[in-house]
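okay, sequence plus prediction incoming.
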Amino acid sequence: MQRALIDTGAHYSCVSMSFMKRLHLLPKMIRGPNQKRLFTADGKPLMVAGTIQLTINIHGLMIPTTFQVIKSLNHDIILGMTFLTNTQANIDLAKGEITLYDGLVGANLVNPEENLLRTVDAVWVPARSEALIPVTVPFRHGSGLSIIEPSIH
């Protein structure tokens, strides 16, 4: 099982080059002159190596998906708006689930045991900035100062 980041701020779905190498999929990648120019949320360019067609299995439903292969990415798989639109995704934050194809298949957004923290209130952080955000943490985490950063694989 592989986890993916659902990113409504990403237009295209992306996969990391390191993930492709681990699965020995690099020979299937299509390199070409029609590569997209992609940027991070803070405006930095992403190095697109090519594209690949992969099939995602969500509870037995096989979904062919085109991915942009990115040389350096914080997450192995990012499902962007093209995927979410094409699959008629419905993200229900109150229930913590995503359903596809008008409820045909669904999945939990997060595993409650893996949640480390939650914001106390809704927050907005401007691009290219940092912010101190009040959060709650599970009791098992204990008290103290924490720094949260994206994981790099």
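Looks like it arrived, so ask away. Just so it is clear, the model here is predicted, and its values are computed rather than measured.

name the residues that touch the helix or strand of the chain with the lowest mean pLDDT?
Taking mean pLDDT, DSSP states H and E as the measure, the helix or strand of the chain with the lowest value is strand 118-119, at a mean of 75. Contacts made with strand 118-119 from outside it, assessed by Cβ atoms under 8 Å, 6 or more residues apart in numbering, are listed as 133-136. Backbone N, C-alpha and C define where each C-beta goes, glycine included.

what segments of the chain are strands?
Taking DSSP state E, the strands of the chain run over residues 5-6, 14-16, 38-39, 45-46, 48-58, 61-70, 77-79, 90-92, 97-100, 105-108, 118-119, 135-136.

can you pick the most crowded of the contacts of strand 118-119?
The member of the contacts of strand 118-119 surrounded by the most neighbours (other Cβ atoms under 10 Å) is V135, with 14 neighbours in all.

okay, it: pLDDT?
As predicted, V135 sits at a pLDDT of 78.

now, the most widely separated pair of the contacts of strand 118-119?
I133 and T136 (11.0 Å; Cβ to Cβ).

overlap in contacts of these two?
With contacts taken as Cβ under 8 Å, 6+ apart, I133 and T136 have V120 as neighbours in common.

tabulate the contacts of strand 118-119 in TSV, adding columns for distance to F39.
Rendered in TSV, the data for the contacts of strand 118-119 read as follows (distance: Cβ to Cβ, whole Å):
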residue	distance to F39
I133	24
P134	30
V135	28
T136	32
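
which one of those is nearest to L73?
Compare each of the contacts of strand 118-119 with L73 using Cβ to Cβ and the shortest gap goes to I133, at 23.9 Å.

quick one: the nearest residue to that closest one once chain neighbours are set aside and T136, what's the gap?
Counting by Cβ to Cβ, 6 or more residues apart in numbering, the nearest residue to I133 once its immediate chain neighbours are dropped is V123, at 5.2 Å. Relative to T136, V123 is positioned 13 Å away (criterion: Cβ to Cβ, to the nearest Å).

what's the most buried one of the strands of the chain?
Burial of these is given as mean neighbour count (mean count of other Cβ atoms under 10 Å); strand 14-16 ranks first at a mean of 24.
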